[in-house]
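A.B. asks: this is a predicted model, with the sequence first.
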Amino acid sequence: MTPRGALPDTIPLFPLPGAVLLPRTRLPLHIFEPRYLQMLEDALKSGHRLIGMIQPVGDGLAAVGTAGRVTMFSEMDDGRLMISLRAISRFRLEEVIEGFTPYLRGRVDWTPFRADRAPSVPPDQEFDRPAFIERLRRYMAERELSTDWNAAEEADDELLVNSLSMLLPLGVEEKQALLEAVDLPARREMLDGLLEYALHGGGDDEEMLH
């Protein structure tokens, strides 16, 4: 029995390449496969309503994922379900549990990421936001990408960096590295480096991470 407010030791896992959930963000998802419809039903019946987003890596799963709480769901005309996950905390995957449900479950460790559940994060004192936004504008223009610049300007530093880490067209390895960054300054520095590398004609951005 999990105490009220505590995070469970075991959660359902939703492996999805390129989809990461960063602290204090939300992730919309369409659910249509029968096993994941069952996963959603089971999550909604549980007290915690958590689903663990995690990226596949080779034949297995990444070491770190993020649990999101189902905060909204609606049924589409074609039978798919649209849900929204609100990030609760990253986790370290200790063991994959198979066979008891049509979807994977994981035994997880929350302790390395206690800071994810803090109401706010310390300010990133080294963040040169105007220079970062300028690099972002150049990156988006070169790739003919669009965004809501008013929203970007108004977002706080954490929301800006975490949302971009989720939404920019980066590779699986880059997104995983951004997810696993120890704190906001480390993630911001890594993301800024990826933008700078891309603007200087870098080929495969994942080369930068090796």
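C.D. replies: All right, it came through fine. Being a predicted model, the structure only gives us computed values, none of them experimental.

A.B. asks: what is the end-to-end distance of stretch 97-111?
C.D. replies: Counting by C-alpha to C-alpha, to the nearest Å, you get 20 Å between the two ends of stretch 97-111.

A.B. asks: can you point me to the longest helix in this protein?
C.D. replies: helix 184-199 (DSSP state H).

A.B. asks: would you map the strands across the chain?
C.D. replies: With DSSP state E as the criterion, the chain has strands at 10-15, 26-31, 50-54, 56-57, 60-61, 64-75, 81-97, 105-109.

A.B. asks: do you know which of those strands lies nearest L179?
C.D. replies: strand 64-75 (6.2 Å; C-beta to C-beta). Heads up, the C-betas are built off the backbone N, CA and C, glycines and all.

A.B. asks: domain ranges for the chain?
C.D. replies: Listed by automatic domain parsing, the domain ranges of the chain are 10-117, 129-209.

A.B. asks: for P123, find the nearest of those.
C.D. replies: Comparing the domains of the chain by C-beta to C-beta, domain 129-209 comes nearest, at 7.1 Å.

A.B. asks: returning to that earlier point: adding mean neighbour count and mean pLDDT, write the strands of the chain out as CSV.
C.D. replies: What follows is the strands of the chain, written out as CSV (neighbours: other C-beta atoms under 10 Å; pLDDT from 0 to 100):
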stretch, mean neighbour count, mean pLDDT
strand 10-15, 21, 98
strand 26-31, 16, 95
strand 50-54, 25, 98
strand 56-57, 14, 94
strand 60-61, 14, 96
strand 64-75, 18, 96
strand 81-97, 18, 97
strand 105-109, 19, 98
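
A.B. asks: show me the contact partners of the lowest-mean-pLDDT helix or strand in the chain.
C.D. replies: None of the helices or strands of the chain scores lower by mean pLDDT, DSSP states H and E than helix 149-154, at a mean of 92. Applying C-beta atoms under 8 Å, 6 or more residues apart in numbering, the external contacts of helix 149-154 come out as 133, 136-137, 160.

A.B. asks: C-alpha coordinates for that helix, PDB please?
C.D. replies: Output of helix 149-154 as PDB, limited to C-alpha atoms (Å, rounded to 0.1, in the frame of the first residue of the first chain):
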ATOM      1  CA  TRP A 149       7.600  34.100 -30.100                       C
ATOM      2  CA  ASN A 150       5.400  36.000 -27.700                       C
ATOM      3  CA  ALA A 151       4.900  32.900 -25.600                       C
ATOM      4  CA  ALA A 152       8.700  32.200 -25.800                       C
ATOM      5  CA  GLU A 153       9.500  35.600 -24.600                       C
ATOM      6  CA  GLU A 154       7.100  35.400 -21.700                       C
END
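
A.B. asks: report the buried residues of it.
C.D. replies: A152 (16 or more other C-beta atoms under 10 Å).
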